[in-house]
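*Asks:* pasting the structure only:
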């Protein structure tokens, strides 16, 4: 019996030398190997004989090797391996190019399965066929159709590569599908695995057992068995996060939060103080949140909305209502301390952006607002921590620094996490654990629209609010895909617009050219553009490895209009608001996800002026170009997310691999029926046994995958 938790190097034929090659494919353990599913299949299950094989078609034949030898060619270093093979119905020639080592694997007299394209060049020839040597010569009469069927069934059960539906895997330079098939077959033949899915679920959904499904997904007997295996394993991928999320929701019912009574008079004053009108979606969301936080059960709500839909306004609004709940409007003294709120964001630039906006918004309402980041000076930080513990700070805005173990709130009642997918689950959990007795109300926000089917699966523990409307003054952003031959023309257009007093961003995928060969990098583009293309303009650059003070200074120069072109990485993706920013040029656009590009597009056109989003790529891949063309024609973030999700996995769509999302290998977030069925089964189990006491294997599986559950 094979231990699934053992390192991949423990398997015979791998060892320490090849371990790194497997790790590049994401295969670190034996379990990783068996869950490394084929990307496609080739059907070599029908074995024919030489006489009946069709010319210029893929064939699988079983032959005996009469002769095999290597012969040199006039081309230096180029060797042809030539064999003469036969069965009882005929003879043909086989040629392999530059594979002289085959003489070690195939010997005269061997019985061999071959698969390839049969050609006729004065004689029958198979060029570069795949091969598999039969260990024991089989005494079967190929002239009998009955015996031929028996032979096919035998090969299906015994062989790894040919004579069957053969799996094709995603490969690397050092690991081929052939090597993976060999190793996979060896492991699956010894596999003993406990099935975590309850029998009643398998019976209800007509699902195969786990061991059978794993064998059939890699080495299917036929198309029907492969489809059955895929459905079982897809169901697992959907069912586990559904059950995990629903368990979190169930457990939250046992937690206690502050029941916060909101001052509706203050809410009206806040609304009337705004220089713009709240959209209906914003009003509805604020009422939903007020309804949640007035209960003693913890709120666990996700607020999603397109770029510029007004999520920050909603967050500031409810943070203020919580901070002033039950207290005199103009209270300057706080002997006991009131409720506190926190806003955690992923970058320091965004933290300062929010701090300045919210402080301005709430400056006439007596709110004590502070910011805490990794660059906060020691003396200042000490003072903030002291006042926070005493309850003298109403709203604290910051980055990962907010989960510092020394940070202590007096009455943390509301935690808002912006771009929550960028924080690991343990970081979110650390923020939750700041108060061991009271569970804070949670509001998560994301500017990446999430398709409904994905939300049902990944966010089953959350109530969801959506800002469907955009504030008045719709942005006029034109998106263009710029081919290499039009680059110079695009530069001239940018010069012209900057001459009118506007500003531009140039976004690059990497900081240094050495990061990725051939990919345009920030520092290289800065050198090129500042010394040649735009040498008469003030150009600067910004990236994530700079010190916080340096970033703040560069952003300040940009906001003042001193810097006309800023070259940066995607650090500017969220939250940056520069009214004069009219052009954004994306280098290596094919290196970014559509959701990420859409967010960057949302940084421009904020002053209501016509703006331009220019996508530069040297890629000639049709699929890549089609994906980028979708960004040109689709302006709505929700429609764009649906499109991107249909092409790629959720981790890639969100741009947040390893950040608390469950990325499917076989299932699809667009398979609504499967998701609905999985949720139905999960609800049945929770209704009868929410502790999973009677399902120990399932409990173990859930515990192992806790990282996929939000705020567990």
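*Replies:* Okay, I see it. Just so it is clear, the structure is predicted and the values come from calculations on it, not from any experiment.
*Asks:* What segments of the stretch 301-450 of the chain are helices?
*Replies:* 311-323, 348-362, 378-389, 425-432 (DSSP state H, counting those that start in this stretch).
*Asks:* out of those, nearest to residue 17?
*Replies:* helix 425-432 (34.2 Å; C-beta to C-beta). For glycine as for every other residue, the C-beta is placed from the backbone atoms N, C-alpha and C.
*Asks:* report the longest strand in the protein, please.
*Replies:* Across the chain, the longest stretch assigned as strand under DSSP state E is strand 58-72.
*Asks:* mind listing what's buried in that strand?
*Replies:* Residues 59-65, 68 are the ones in strand 58-72 that count as buried (16 or more other C-beta atoms under 10 Å).
*Asks:* by contact count, what packs against it?
*Replies:* strand 47-48, strand 79-87, helix 102-105, strand 111-120 (3 or more C-beta pairs under 8 Å, 6 or more residues apart in numbering; DSSP states H and E).
*Asks:* and the angle from that strand to strand 79-87?
*Replies:* 130 degrees (axes from the mean of the first three to the mean of the last three C-alpha atoms, to 10 degrees).
*Asks:* Domains in the chain, by residue range?
*Replies:* Domain ranges of the chain: 45-163, 264-295+310-446, 476-654, per automatic domain parsing.
*Asks:* how about the ones you listed in a markdown table, adding distance to residue 682?
*Replies:* Listed next are these as a markdown table, based on distance: least, C-beta to C-beta, whole Å:
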| stretch | distance to residue 682 |
| --- | --- |
| domain 45-163 | 36 |
| domain 264-295+310-446 | 20 |
| domain 476-654 | 19 |
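*Asks:* quick one: which of the ones you listed is nearest residue 35?
*Replies:* Of all those, domain 476-654 sits nearest to residue 35, with 14.6 Å by C-beta to C-beta.
*Asks:* distance between that closest one and the chain's centre?
*Replies:* Per C-alpha atoms, centre = their mean, to the nearest Å, the displacement of domain 476-654 from the mean C-alpha position of its chain is 21 Å.
*Asks:* for the record, mean pLDDT for it?
*Replies:* With pLDDT averaged residue by residue, domain 476-654 scores 83.
*Asks:* Same check on stretch 182-193?
*Replies:* Averaging pLDDT along stretch 182-193 yields 89.
*Asks:* Checking residue 99 next. Helix, strand or coil?
*Replies:* coil (DSSP: H, G, I helix; E, B strand; the rest coil).
*Asks:* was I right about it contacting residue 83?
*Replies:* No: at 11.4 Å, residue 99 does not count as touching residue 83 under the criterion of C-beta atoms under 8 Å.
*Asks:* still on that earlier bit, take the helices of the stretch 301-450 of the chain and write them to JSON lines, including mean neighbour count, distance to residue 281 and mean pLDDT.
*Replies:* Listed next are those as JSON lines, based on neighbours: other C-beta atoms under 10 Å; distance: least, C-beta to C-beta, whole Å; pLDDT from 0 to 100:
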{"stretch": "helix 311-323", "mean neighbour count": "24", "distance to residue 281": "9", "mean pLDDT": "94"}
{"stretch": "helix 348-362", "mean neighbour count": "20", "distance to residue 281": "19", "mean pLDDT": "89"}
{"stretch": "helix 378-389", "mean neighbour count": "14", "distance to residue 281": "33", "mean pLDDT": "92"}
{"stretch": "helix 425-432", "mean neighbour count": "17", "distance to residue 281": "25", "mean pLDDT": "59"}
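*Asks:* of these, which approaches residue 232 most closely?
*Replies:* Per C-beta to C-beta, nearest to residue 232 of these: helix 425-432, 27.4 Å.
*Asks:* For the stretch 51-200 of the chain, give me the ranges with low pLDDT.
*Replies:* Counting by pLDDT under 70, the ranges of the stretch 51-200 of the chain that qualify are 135-163.
*Asks:* What residues of the longest helix along the chain count as buried?
*Replies:* For the chain, the helix with the greatest residue count under DSSP state H is helix 223-252. The neighbour-count check on helix 223-252 (16+ other C-beta under 10 Å) flags 225-226, 228-248, 252 as buried.
*Asks:* quick one: pLDDT of residue 702?
*Replies:* 87.
*Asks:* does it count as helix, strand or coil?
*Replies:* Recorded secondary structure, residue 702: helix (three-state DSSP).
*Asks:* Give me the neighbour count for it.
*Replies:* For residue 702, the neighbour count with other C-beta atoms under 10 Å is 20.
*Asks:* Need the nearest residue in space to it, chain neighbours excluded.
*Replies:* If the residues on either side of it in the chain are set aside, residue 702 comes closest to residue 244, at 5.5 Å by C-beta to C-beta, 6 or more residues apart in numbering.
*Asks:* separation between that neighbour and residue 612?
*Replies:* According to C-beta to C-beta, to the nearest Å, residue 244 and residue 612 sit 44 Å apart.
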